[in-house]
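S.K.: what follows is a protein structure lacking sequence information:
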């Protein structure tokens, strides 16, 4: 399994009008994406928010499940939540991965918007199988990652599409599907991406 | 697209000790799974709870997003939430599908537990392409659907597996991945299940 991390970005993201905003961290985003990250073998899950006042709240969630009453009642929750790292910016997350892995991560970005230069999941899954550098997968809250982030990407994944024209998955669902498409156990009968 | 429905079951499900319990309906389960169901072209999403006192609460969420202030600010939320049907039991959901489609639905169940007689996603996706009967996909809250439900299944899907031994995805993530595996737009380059 390659050294893959994910980050849930609360800034810089855009609102429905395309303005750059900062969203609030929510409890269930921390839990759901940690459980998905743990399932698919990721090495860490960064919760990125420049709002320092929200860090102690998230840290309290992490502490509760990894060392408090939570770990006794629900040890598997702690195992997932232990992947969570709080940081102020995407660059802080990159620096932490660099310190841990000895190399700057590739940036793989996700967006619900179609456009040129997108990579299929099959292509990225193939790259991940041979890639020696660490990888950081970025997911945006609100209406998605800001252009300033998208422009830094080494890889821009194509939008997740169903058989409808509706492209408003929750970020929890989109992250789960992305990890499944990239890392689900492959078998000829099961044939995931 | 075949006539496919899903249901989020709050009873009968089991707790971590395997006892049959009833769980509470949560706001984000209603939203997230409605958005995933809409993305993948499902005809309806049943929220199954025998606790009648919770129905007005869910109905208020549905009304807010489909006819209240919500639809003006976030029309795409209303489009997803419009799929939600509240019902007291799985049998009520089956009866509603039967009334609408003129035929009893096949029951397709999901579980995080491995065992004999499971169907791969590729097999079920192939069946759905030719199946004329409607289909009802069942997802369990808590620690999963009760045996009394699993035993009624026409199809028992294999557990979702990543490259780890951790099998504690949130039901929101599991539902999203299941719909993606069964209904994602297929292309040779993208190669989903």
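M.R.: Sure, I can see it. All of these numbers come straight from a predicted model, not from anything done at the bench.

S.K.: helix/strand/coil for residue A:139?
M.R.: Under DSSP: H, G, I helix; E, B strand; the rest coil, residue A:139 falls in the strand class.

S.K.: who does it bridge with?
M.R.: Applying DSSP bridges to residue A:139 gives these bridge partners: residue A:8.

S.K.: and the host helix or strand of residue A:175, what does it pack against?
M.R.: Residue A:175 is part of helix A:171-183 when elements are defined by DSSP states H and E. Other helices and strands packing on helix A:171-183, by 3 or more C-beta pairs under 8 Å, 6 or more residues apart in numbering or on different chains; DSSP states H and E, are strand A:4-9, helix A:27-39, helix A:121-130, strand A:135-140, helix B:27-39, helix B:171-183. Any C-beta I mention is one placed from the backbone N, CA and C, and that applies to glycine too.

S.K.: residues in contact with the fifth one?
M.R.: Among residues not part of helix B:27-39, those counted as contacts by C-beta atoms under 8 Å, 6 or more residues apart in numbering or on different chains are A:28, A:160, A:162, A:164, A:166-170, A:172-173, B:6, B:8, B:44-45, B:47, B:58, B:61-62, B:77, B:79-81, B:83-84, B:139, B:141, B:171-172, B:175-176, B:179.

S.K.: buried sites along that helix?
M.R.: Neighbour-count burial for helix B:27-39 flags B:28, B:29, B:30, B:31, B:32, B:33, B:34, B:35, B:36, B:37, B:38, B:39 (criterion: 16 or more other C-beta atoms under 10 Å in any protein chain shown).

S.K.: which other helices and strands contact the least confident helix or strand in chain A by mean pLDDT?
M.R.: Within chain A, no helix or strand scores below helix A:69-73, which has a mean of 80 by mean pLDDT, DSSP states H and E. Judged by 3+ C-beta pairs under 8 Å, 6+ apart, helix A:69-73 is in contact with helix A:75-81.

S.K.: so the next helix or strand after the helix it packs on, near chain B or not?
M.R.: Downstream of helix A:75-81, the next assigned helix or strand under DSSP H and E is strand A:84-87. No - contact of strand A:84-87 with chain B (C-beta under 8 Å from any C-beta of the partner chain) is absent, the minimum separation being 14.7 Å.

S.K.: for strand A:84-87, the averaged confidence score.
M.R.: For strand A:84-87, mean pLDDT rounds to 97.

S.K.: how about stretch A:1-11?
M.R.: For stretch A:1-11, mean pLDDT is 95.

S.K.: so how far is that stretch off the chain centroid?
M.R.: 4 Å (C-alpha atoms, centre = their mean, to the nearest Å).

S.K.: just stretch A:105-125 next, same as before
M.R.: Mean C-alpha position of stretch A:105-125 versus that of the full chain (C-alpha atoms, centre = their mean) differs by 13 Å.

S.K.: low-confidence ranges in chain A?
M.R.: A:186-193 (pLDDT under 70).

S.K.: redo that, cut-off 90
M.R.: Low-confidence segments of chain A (pLDDT under 90): A:1-2, A:67-75, A:185-193.

S.K.: hmm, back to that, in JSON lines, list the helices and strands packed on helix A:171-183 along with distance to residue B:90.
M.R.: Below are the helices and strands packed on helix A:171-183 laid out as JSON lines (distance: least, C-beta to C-beta, whole Å):
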{"stretch": "strand A:4-9", "distance to residue B:90": "34"}
{"stretch": "helix A:27-39", "distance to residue B:90": "25"}
{"stretch": "helix A:121-130", "distance to residue B:90": "34"}
{"stretch": "strand A:135-140", "distance to residue B:90": "34"}
{"stretch": "helix B:27-39", "distance to residue B:90": "16"}
{"stretch": "helix B:171-183", "distance to residue B:90": "16"}
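
S.K.: can you say which of those is nearest to residue B:95?
M.R.: Among these, helix B:27-39 comes nearest to residue B:95, with 19.5 Å by C-beta to C-beta.

S.K.: direction included, what does the next helix or strand after that closest one pair against?
M.R.: Next along the chain after helix B:27-39, taking DSSP H and E as the criterion, comes strand B:44-48. Here strand B:44-48 has these sheet partners by DSSP bridges: strand B:4-9 (parallel), strand B:84-87 (parallel).

S.K.: so which of these is nearest residue A:93?
M.R.: Per C-beta to C-beta, nearest to residue A:93 of the strands paired with strand B:44-48: strand B:4-9, 33.3 Å.

S.K.: and the closest one with helix B:121-130, angle?
M.R.: 130 degrees (axes from the mean of the first three to the mean of the last three C-alpha atoms, to 10 degrees).
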